[in-house]
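Peer 1: Sequence below, structure please.
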Amino acid sequence: MDLSITKDSLPKTITSFGLDLYKKLNKSDVCKNIFFSPMSISTALGMVLVGAWGNTKTQMGKVLHFDRSLEDTRSYAFQRRMADVSEPEKENVDGKINLEVKKLLSQLNHLSPGYQMNIANNLFIQRGYDFFQQYLVCIKDVYGATLESVDFYNATEEARQTINLEVDKQTQGNIKELFPPGVIGPDTVLVLANAIYFKATWEHQFDPSRTTEKDFRLNENESKPVQMMHQRGRFQLGHVGSINAQILCLPYVGELLSMIILLPKDISDLEQVENTMTCETLADWTSQQNMMEHHVDVYIPRFKLEDTFDLNITLQALGMTDVFDESKADLSGMSPSQQLFLSKVIHKAYVDVNEVGTEAAAATGASVSTRSLISYELFLADHPFLFCIRHNPTNTILFLGKFCSP
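Peer 2: You can find the predicted model right below:
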């Protein structure tokens, strides 16, 4: 049986999971900014999936969409139980999806100058638990993760500080206090700590002298002042008539990554965009057939977003229930112990959108004398919009967010 995966199955998997997660997070508060990394959460939960078995694995695979695009792959837990299968066959069973994940994480952790991306994946387990060596090798080799023993039962606060310090170190000081006091208790057995930090320079940078205060319309009746960045240039721009929206692609330096902004024509169209957005429609909206290069008059607000999510309830609402239940969780691919279950999944993400690289932008923008005759399309992000940050070589959605409240 051919166990290879298609070229774009992993990005599709991550995008599908991210959109499911977005809709759950958005349901709780439609007027709140949202920012998270589907790629980071998906791959971090993949570390747990590697050690899952039985119904726990089935539920996780379905929520993460691994059952759809990677249904013929198997976890290390499966390999461990295949005593009668030869080593080459075992390697073929699991190696290809692990190779894809490893390759993607390696690319993202080694971007060119102009990018800062730090991803920290860690598993913290109660001291005294025995783990299978091949599981430890997998999460270290494939996911670049660390597994550390702490004493949640006897030294809860010390364990919390250890986790926070490790995440702080792995994100070069950019993600602090991932776990606030009171989140981790003495009954904690296993903690997945996942953090990602991102900052990048625009390929076509904004001149700060053109940034002015403008009103951002929160809803039909309220507005709030924002610092609105502005530039004119050639950008990929698309129109989606079915949802009454514009789509703008703003590349970062070297065009390895791009920010894609989905701007409804008006505030009343936002909900339709959200309801219509699926993995397939998003791919169609951002395809080369729809995104054409135009002269564009771009206005987008300068903003910083930092979001922290306790994902336990959200993941359970999506169908991942057994792994959090100490009486049902089956993580026997991690350890011979039958008492392991996942206690907490906390995710924190940060993005800074500004006019980075202003001197080059000012010099570039000086020769505009012949452009007065050119017709520019207006892209004015002065009301709530959705955005994602995409890794262009693999078409992977790294971040997904909504900006609706300055």
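Peer 1: didn't residue 102 look like it was pressed against residue 141?
Peer 2: Yes. Counting by C-beta atoms under 8 Å, residue 141 is a contact partner of residue 102 at 7.1 Å. For the C-beta atoms, the positions are set from N, CA and C on the backbone; glycine is no exception.
Peer 1: These two: who's more crowded?
Peer 2: When residue 102 and residue 141 are compared for neighbours, residue 102 comes out ahead with 17 against 11, by other C-beta atoms under 10 Å.
Peer 1: Who are the contact partners of residue 254?
Peer 2: Taking C-beta atoms under 8 Å, 6 or more residues apart in numbering, we find residue 254 in contact with 112, 114, 203.
Peer 1: Can I take it that it is in a helix?
Peer 2: Yes. Applying DSSP: H, G, I helix; E, B strand; the rest coil, one finds residue 254 inside a helix.
Peer 1: Tell me how far it lies from residue 199.
Peer 2: Separation of residue 254 from residue 199 (C-beta to C-beta, to the nearest Å): 15 Å.
Peer 1: same check, this time on residue 58
Peer 2: 38 Å.
Peer 1: These two: who's more crowded?
Peer 2: Neighbours were counted for residue 58 and for residue 199 using other C-beta under 10 Å; residue 199 has more, 18 against 15.
Peer 1: Which of the helices or strands spans the more buried one?
Peer 2: In this structure, residue 199 sits in strand 190-200 according to DSSP states H and E.
Peer 1: tell me the phi and psi of residue 163?
Peer 2: Here is the backbone geometry of residue 163 (degrees, to the nearest 10): phi -60, psi -50.
Peer 1: Quick one: low-confidence residue ranges for this protein.
Peer 2: Segments of the chain classed as low confidence (criterion: pLDDT under 70) are 1-8, 29-30, 67-97, 356-374.
Peer 1: residue ranges of the strands in it, please?
Peer 2: Counting by DSSP state E, the segments of the chain that form strands are 34-36, 115-126, 146-150, 190-200, 212-217, 223-240, 245-251, 257-264, 292-301, 303-310, 344-353, 377-380, 385-391, 396-403.
Peer 1: how does the chain divide into domains?
Peer 2: When the chain is parsed with automatic domain parsing, its domains come out as 9-200+305-351, 208-301+374-403.
Peer 1: For burial, what's the neighbour tally of residue 150?
Peer 2: Neighbours around residue 150, by other C-beta under 10 Å: 22.
Peer 1: residues contacting it?
Peer 2: Each residue near residue 150 by C-beta under 8 Å, 6+ apart is listed here: 124, 125, 126, 127, 158, 159, 162, 163.
Peer 1: what do you get if the cut-off is 7 Å, keeping everything else the same?
Peer 2: Contact partners of residue 150, counting by C-beta atoms under 7 Å, 6 or more residues apart in numbering, are 124, 127, 159, 162.
Peer 1: My guess is the first one contacts residue 193. True?
Peer 2: Yes. Using C-beta atoms under 7 Å, residue 124 is in contact with residue 193, at 6.4 Å.
Peer 1: what touches both of those two?
Peer 2: Joint contacts of residue 124 and residue 193 (C-beta under 7 Å, 6+ apart) are residue 163.
Peer 1: re earlier: of the strands of the chain, which approaches residue 19 most closely?
Peer 2: Closest approach to residue 19 among these (C-beta to C-beta): strand 396-403, 7.5 Å.
Peer 1: Can you tell me which helices and strands that closest one packs against?
Peer 2: helix 9-28, strand 34-36, helix 38-50, strand 385-391 (3 or more C-beta pairs under 7 Å, 6 or more residues apart in numbering; DSSP states H and E).
Peer 1: who are the neighbours in contact with residue 109?
Peer 2: Neighbouring residues of residue 109 by C-beta under 7 Å, 6+ apart: 117, 119.
Peer 1: tell me the contacts of residue 26?
Peer 2: 34, 274, 402.
Peer 1: What's the separation between the closest residue to the last one other than its chain neighbours and residue 400?
Peer 2: For residue 402, the nearest residue in space outside its immediate sequence neighbours is residue 34; the separation is 4.6 Å by C-beta to C-beta, 6 or more residues apart in numbering. As for residue 34, its distance to residue 400 is 8 Å (criterion: C-beta to C-beta).
Peer 1: Could you tell me which residues touch both of those two?
Peer 2: Counting by C-beta under 7 Å, 6+ apart, the residues touching both residue 34 and residue 400 are residue 22.
Peer 1: Specify which residue of the two has the higher count of neighbours.
Peer 2: Between residue 34 and residue 400, residue 400 has the larger neighbour count (other C-beta under 10 Å), namely 26 against 21.
Peer 1: Now do the same contact list for the more buried one.
Peer 2: If you count contacts by C-beta under 7 Å, 6+ apart, residue 400 has them with 18, 22, 36, 38, 388.
Peer 1: Likewise for residue 284?
Peer 2: When contacts are counted by C-beta under 7 Å, 6+ apart, residue 284 touches residue 290.
Peer 1: swap in residue 234?
Peer 2: Residues near residue 234 by C-beta under 7 Å, 6+ apart: 293, 294, 295.
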